[in-house]
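Q: A structural model of the following input is requested.
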Amino acid sequence: MQTFRMSRDLVTFLKGQATRRGSDLTGYITRVLEGLRNHFGLPPPAARLLDQDREALGLDPHDYLLYLLYERSIAVREKGPGFDGKQTKR
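A: Numbers count the residues shown, from 1 in each chain. So this is what the prediction gives:
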């Protein structure tokens, strides 16, 4: 068992996220942190490949996730939101 101090704003945000997912706060936080630890359930070959990429870039897991999100934002800016999702009628 471990206790952490967090700002009220962060706790409020996390509780809201947990509620939207139908989870309690502890379950939600555990799920998010386990996801970071185990590549969010990706198949092991994909996880190994991403670990190799992260290490080659010299990034820790948090910074690598930020890097991936930034790269995605560039693609969205260039191609539009949802560009690689299921095609819907517009």
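
Q: so how far is the longest helix along the chain off the chain centroid?
A: Longest helix of the chain, by residue count under DSSP state H: helix 61-79. The gap between where helix 61-79 is centred and where its chain is centred comes out at 11 Å by Cα atoms, centre = their mean, to the nearest Å.

Q: again with stretch 74-88
A: Between the centre of stretch 74-88 and the centre of its chain there are 18 Å (Cα atoms, centre = their mean).

Q: before we move on, back to that, by contact count, what packs against the longest helix of the chain?
A: helix 25-37, helix 44-57 (3 or more Cβ pairs under 8 Å, 6 or more residues apart in numbering; DSSP states H and E). Backbone N, C-alpha and C define where each C-beta goes, glycine included.

Q: confidence score at residue 88?
A: Looking at residue 88, its pLDDT is 56.

Q: quick revisit: list the buried residues in the longest helix of the chain.
A: Neighbour-count burial for helix 61-79, counted by 16 or more other Cβ atoms under 10 Å, picks out residue 64.

Q: next, the angle from that helix to helix 25-37.
A: Interaxial angle of helix 61-79 relative to helix 25-37 (axes from the mean of the first three to the mean of the last three Cα atoms, to 10 degrees): 80 degrees.

Q: what does helix 61-79 contact?
A: Applying Cβ atoms under 8 Å, 6 or more residues apart in numbering, the contact partners of helix 61-79 are 36, 50, 53, 54, 57, 59, 83.
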